[in-house]
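Novice: Sequence first, then the predicted structure, then my questions.
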Amino acid sequence: MSSDSLDRDVRFRSLSIEQRELLMIQAAKRYYDLDMTIGELARELGLTRWQARRLLNDARDCGIVRIEIVPRTARSPDLESRLQRRFGLREAVVVREQTDDDEALALDSVAQAAAQFITSLRPTSLIGVSWGRTMSAVARRLPPLWNEGVEVVLLNGAMNIRSPSTRTNNTAELFARSANGAATLLPVPAIVGHAATRLALEQDPTIATVLALGRRAPVICFGLGALAPDSVLVQSGFITTDEQAALKAKGAVGDILSRYVDPSGDIVDPQLDARTIGLELRYCADREFSIGVAAGADKHAVARAALKARYLNVLVTDDETARFLLEEERVHAT
């Protein structure tokens with residue numbers, strides 16, 4: 001330990017109760033209200049990072065800081081249990097909607113429920129996430145320090161060709177920042193022009209390391225993409241509307257981790273898939289938690305495909321989607 005660190009440690013341990021409480025308030029205000037990082041507030045207050053974390057933890061323990069997670073929606077346990085039995089899920093979270101035909105509210109409610117579920121898991125050192133509107137909504141609803149120090153790895157390429165009106169490719173950074181962790185990004189496009197380009201990029205040591213990290217993550221969480229004109233893959237310039245129409249004609253019902261699938265969850269266009277960079281769908285099934293998040297009627301078909309192919313063992317969705325999935329499964333079973 002350097003002499004400077006030793007001096008700071010001595011001063012920290014010799015603080016009176018009143019001085020320590022004042023320092024807790026100063027640290028908490030900078031972290032929670034001013035959005036400073038642990039490192040920034042430590043430098044400003046003349047503390048070590050360990051001391052800054054200790055003050056924030058003590059502030060929560062003694063009640064100076066209160067973090068309250070308030071469920072904004074009701075759950076549907078009956079639908080959750082039926083989904084778990086029908087599809088062999090480890091867990092299902094179904095949000096009961098109070099109003100109809102409001103996609104923004106549905107997404108907000110489901111994102112809140114997904115954030116609460118992720119927060120309830122035991123701490124892990126590594127989690128993999130996709131990007132997009134759904135996952136950005138989930139990230140923004142995570143409470144501070146939900147899994148302190150976690151490493152968050154991006155599972156699919158997110159370097160946009162065209163910038164959409166709302167930024168949706170910074171999910172890993174948002175997840176990591178809320179946990180005071182680190183984000184490992186995949187700085188390549190989701191879809192490239194040639195299969196040879198994808199192979200070359202994946203052989204780069206940096207990209208290969210990120211992809212390998214994604215394959216090791218015990219917990220992964222991803223949104224399910226609709227086959228719609230406002231799809232983030234279309235808005236970001238990876239797929240044109242004509243290409244999307246062609247995919248639909250081939251039987252595509254949506255995308256999972258930027259990979260377009262048919263109703264059975266199989267890749268609908270192998271040539272396009274050969275140009276797609278990110279976690280392959282076959283790696284989704286063998287996770288401790290593989291969490292799929294879907295809200296709204298336009299996600300019904302792709303949610304069913306993901307369940308049928310067993311790409312996920314946790315589904316977070318709304319009650320309308322849950323009923324569709326159960327009814328569709330009943331119809332196909334008869």
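Specialist: Thanks, I have it.

Novice: gap between the two ends of stretch 225-245?
Specialist: 15 Å (CA to CA, to the nearest Å).

Novice: nope, stretch 196-210 is what I meant
Specialist: With CA to CA as the measure, stretch 196-210 spans 19 Å from end to end.

Novice: contacting residues around that stretch?
Specialist: Residues outside stretch 196-210 that contact it (CB atoms under 8 Å, 6 or more residues apart in numbering) are 153-154, 184-188, 192, 211, 274-277. All C-beta atoms are positioned from the backbone trio N, CA, C, and that covers glycine.

Novice: Give me the buried positions along that stretch.
Specialist: Within stretch 196-210, the residues scored as buried using 16 or more other CB atoms under 10 Å are 198, 201, 207, 210.

Novice: so what's the residue lying closest to R140 once chain neighbours are set aside up against?
Specialist: Distances taken as CB to CB, 6 or more residues apart in numbering put L174 closest to R140, at 6.4 Å, once the chain neighbours are dropped. Contacts of L174 were listed using CB under 8 Å, 6+ apart, and they are 136, 139-140, 142.

Novice: got it, and A115?
Specialist: A115 touches 138-139, 141-143, counting by CB under 8 Å, 6+ apart.

Novice: Same check on L41?
Specialist: Applying CB under 8 Å, 6+ apart to L41 gives the contacts 27, 30-31, 47, 52.

Novice: again, but for C221
Specialist: Contacts of C221 (CB under 8 Å, 6+ apart): 114, 118, 127-130, 135, 138, 289, 291, 293.

Novice: Out of these, flag the one nearest to D61.
Specialist: For the contacts of C221, the residue nearest D61 by CB to CB is I118; the value is 22.9 Å.

Novice: Name the helix or strand for the closest one, please.
Specialist: helix 103-120 (DSSP states H and E).

Novice: if you average pLDDT over that helix, what comes out?
Specialist: Helix 103-120 carries an average pLDDT of 89.

Novice: Mind listing what's buried along that helix?
Specialist: Neighbour-count burial for helix 103-120 [16+ other CB under 10 Å]: 105-118.

Novice: I127: what secondary structure?
Specialist: At I127, secondary structure determined by DSSP: H, G, I helix; E, B strand; the rest coil is strand.

Novice: Can you give me the neighbour number for it?
Specialist: 25 (other CB atoms under 10 Å).

Novice: re the thing from before, I'd like the contacts of L41 written out as JSON lines, with secondary structure added.
Specialist: What follows is the contacts of L41, written out as JSON lines (three-state DSSP):
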{"residue": "A27", "secondary structure": "helix"}
{"residue": "R30", "secondary structure": "helix"}
{"residue": "Y31", "secondary structure": "helix"}
{"residue": "L47", "secondary structure": "coil"}
{"residue": "A52", "secondary structure": "helix"}
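
Novice: Could I get the contacting residues of N313?
Specialist: Counted by CB under 8 Å, 6+ apart, N313 has contacts 88-91, 285, 287, 289-290.

Novice: Can you tell me which of those residues end up in strands?
Specialist: The strands, defined by DSSP state E, take in 91, 289-290 from the contacts of N313.

Novice: Return the member of these nearest to V253.
Specialist: S290 (18.9 Å).

Novice: Find the nearest non-adjacent residue to that closest one, please.
Specialist: L312 (4.6 Å).

Novice: Correct me if wrong: that neighbour contacts A303.
Specialist: No - using CB atoms under 8 Å, L312 is not in contact with A303; the gap is 9.1 Å.

Novice: can you list residues touching both of the two?
Specialist: G292.

Novice: Give the residue spans of this structure that score low on pLDDT.
Specialist: Residue ranges of the chain with pLDDT under 70: 1-12, 68-73, 98-102, 161-168, 329-334.

Novice: Alright, that wraps it up for me.
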